[in-house]
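> Quick one, structure for this:
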Amino acid sequence: MLGGDFAEAARPDTGVTTADNFLHTRGNFEQQRFSTNILTSAREAIEAFLTDNKREQAPRAWAETQNILGNILAAMAQQQHDTALFEQAIECFNHALEEFSQADSPLDWAETQANLGTALQALGRLQSDTKCLHKSVDAYTSALVVYSKKETPEQWKLVMLQLGATLHTYATLLKGNRTFQKSVVAYKNAIAELDADNYPFELTAAHNNCGAVLHNLAESEGNAERLQEAIRSYETAWQVCMEQQQPIHLAVLCRVNKTTAQSCLAELTQDTALADEVADEFELIIECFPHALQPLCLKHCAERLNKMRTMAAAASA
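As a prediction, the model looks like this:
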């Protein structure tokens, strides 16, 4: 729709380092389908296309275009942390759902529900809004009425990952163990269908984020076995990341998460020998991977290192 002049500008941005936030669990639309260089122009061109006449003449094409516009607006909202843009994106997806129905256009309907869920998830996280997150869960659940492991495995896996992320954020705000458990189930469903050779990034993300949910649940319950399960999940994420040669900062992040969970286990069980081992591991991470640690992560590692050293020293005094 934009013409040949935008061909070069539309090339994906490959010079930007991937953020520590995993792609498929954060809903970064602009890194999946759209170049950041053309979002504004694309938005203007598509909005000009979406006239009432177009809706009357070609309702299906109009709904498909609403879906595209919604993703572009959500991508811009993600970049700018703009709640108004997220709300506009959500409105676009709801417009598309006025034309798509589960009975007549099941796959289009499910795709739109998934897009709606991701926009609601991002807005709910941005505003710490439980109502948005609840609506996001409902939208993903609706998409999974159509998507299945057998018929649409690709879509099913990605929606499960997103559902796990939404339930995790929702549970954190609600402080609800049952919702944490639902998040674990969603992640494990996705993990069961992902393999390291074809989906190394997604599998790393699923194990890492499942570990985070288990970690939160363990702290809420005061449950050492849950923490050990979280540690195993983080360990698997780290192994997949290293074996499949994913970006080093992601591997380091998984390693930091694992070591943090081990430090929490040492505190919970008052295991001073483990505390000493964990302190050594944090020291190793800080010394060997300073280039891969963001400032807040580095601060966190230093604080946990000191805490573990103090705990181990107190036991030997």
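> Not counting its neighbours along the chain, what's nearest residue 191?
residue 206 (4.9 Å; CB to CB, 6 or more residues apart in numbering). In this view, the C-beta of every residue, glycine as well, is placed from N, C-alpha and C.
> Please name the residues that touch the one you found.
Neighbour list for residue 206: 161, 164, 187, 190, 191, 194, 237 [criterion: CB atoms under 8 Å, 6 or more residues apart in numbering].
> Is it within a helix or a strand, and which one?
Residue 206 belongs to helix 200-221 when assigned by DSSP states H and E.
> All the helices of the stretch 1-150 of the chain, residue numbers only.
All helices of the stretch 1-150 of the chain, identified by DSSP state H, counting those that start in this stretch, fall at 23-26, 29-32, 39-49, 52-57, 59-80, 83-99, 106-127, 130-146.
> which of those helices is buried the deepest?
Highest mean neighbour count of these: helix 106-127, a mean of 23 (counted as mean count of other CB atoms under 10 Å).
> quick one: residue 184 from residue 229, how far?
Separation of residue 184 from residue 229 (CB to CB, to the nearest Å): 9 Å.
> Same question for residue 313.
Residue 313 is 29 Å from residue 229, by CB to CB.
> These two: who's more crowded?
A count of neighbours by other CB atoms under 10 Å puts residue 229 above the other of residue 313 and residue 229, at 19 against 13.
> Next, the contact list for the more buried one, please.
Counting by CB under 8 Å, 6+ apart, residue 229 has contacts 214, 218.
> Begin at 65, not 1, for the rest of this chat.
Sounds good: first residue 65 from here, last item residue 293.
> re the thing from before, so what's in contact with residue 248 and residue 293 at the same time?
Any residue near both residue 248 and residue 293 by CB under 8 Å, 6+ apart counts here, and that gives residue 278.
> Give me the helix or strand of the chain that scores worst on average pLDDT.
For the chain, the helix or strand with the lowest mean confidence is helix 87-90, at a mean of 37 (criterion: mean pLDDT, DSSP states H and E).
> per-residue pLDDT, residue 136?
Predicted confidence (pLDDT) for residue 136: 89.
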